[in-house]
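Asker: Structure of the sequence below:
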Amino acid sequence: MRANHLAVLTGVSLFLIASAASAEQYLPDVISKDPYKNAYAQMLSFPDWVSKAQGTATPVEKVSAGGKSFLVGHMCKPHDCANNQLSVVFSANGKKSWGLLATRSADEEAFTKQVLGNPDSIVEGLLNKSFSDNNP
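Answerer: The predicted structure is shown next:
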């Protein structure tokens, strides 16, 4: 009888372990654990020239669009301006910003563009204009 209890207990334990191993996982749970936590943080980080604003730049411009004033600037990665660029638009009071990060590898023709800050269509137009003006 004791052997049966032990066999049942062992079987239940193995079932619970197998269930836990195959349980559904959700992205927020996975992201909070190693090694995924570090990989996720790296995906969201920007190169130093972007995050530290240490690029080659043009003078910023005050512009008006949609009845509002903005400050627009453009910079690029030092020694690699042809492949790594960032345009930024600031609200007139400087409390909000939006960006357009454009990158490509040396062997590609087209840029991969990443819009930052969820701009409306007016601000997105300013970002695209800044990019175009700096890539004649």
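Asker: switch to C-alpha atoms for all contacts and neighbour counts from now on
Answerer: OK.
Asker: Quick check: the closest residue to residue 75 other than its chain neighbours vs residue 48, distance?
Answerer: The shortest distance from residue 75 to any non-neighbouring residue, by Cα to Cα, 6 or more residues apart in numbering, is to residue 57 (4.0 Å). Distance from residue 57 to residue 48, counting by Cα to Cα, to the nearest Å: 15 Å.
Asker: Then residue 67?
Answerer: 34 Å.
Asker: ditto for residue 106
Answerer: From residue 106 to residue 48 the distance is 19 Å (Cα to Cα).
Asker: cool, and residue 62?
Answerer: 26 Å.
Asker: what's the answer for residue 86, then?
Answerer: Going from residue 86 to residue 48 by Cα to Cα gives 12 Å.
Asker: who has more neighbours, those two?
Answerer: residue 86 (26 against 11; other Cα atoms under 10 Å).
Asker: Touching, residue 84 and residue 76? I think so.
Answerer: Yes: using Cα atoms under 8 Å, residue 84 and residue 76 qualify as a contacting pair, with a distance of 5.6 Å.
Asker: element containing residue 88, please.
Answerer: If you go by DSSP states H and E, residue 88 is part of strand 84-91.
Asker: Okay, now the sheet partners of that strand, with direction.
Answerer: strand 68-76 (antiparallel), strand 97-103 (antiparallel) (DSSP bridges).
Asker: between these, which one is nearest to residue 127?
Answerer: strand 97-103 (6.1 Å; Cα to Cα).
Asker: What is the next helix or strand after that closest one packed up against?
Answerer: Per DSSP H and E, the first helix or strand lying C-terminal to strand 97-103 is strand 112-116. Judged by 3 or more Cα pairs under 8 Å, 6 or more residues apart in numbering; DSSP states H and E, strand 112-116 is in contact with strand 97-103.
Asker: quick check, distance from the strand it packs on to the centre of its chain.
Answerer: Centroid separation for strand 97-103 versus its chain: 10 Å, with Cα atoms, centre = their mean, to the nearest Å.
Asker: Residue 38 versus the residue nearest to the spatial centre of the chain, what's the distance?
Answerer: The centroid of the chain falls nearest to residue 44 when counting by Cα atoms, centre = their mean (4.4 Å). According to Cα to Cα, residue 44 stands 10 Å off from residue 38.
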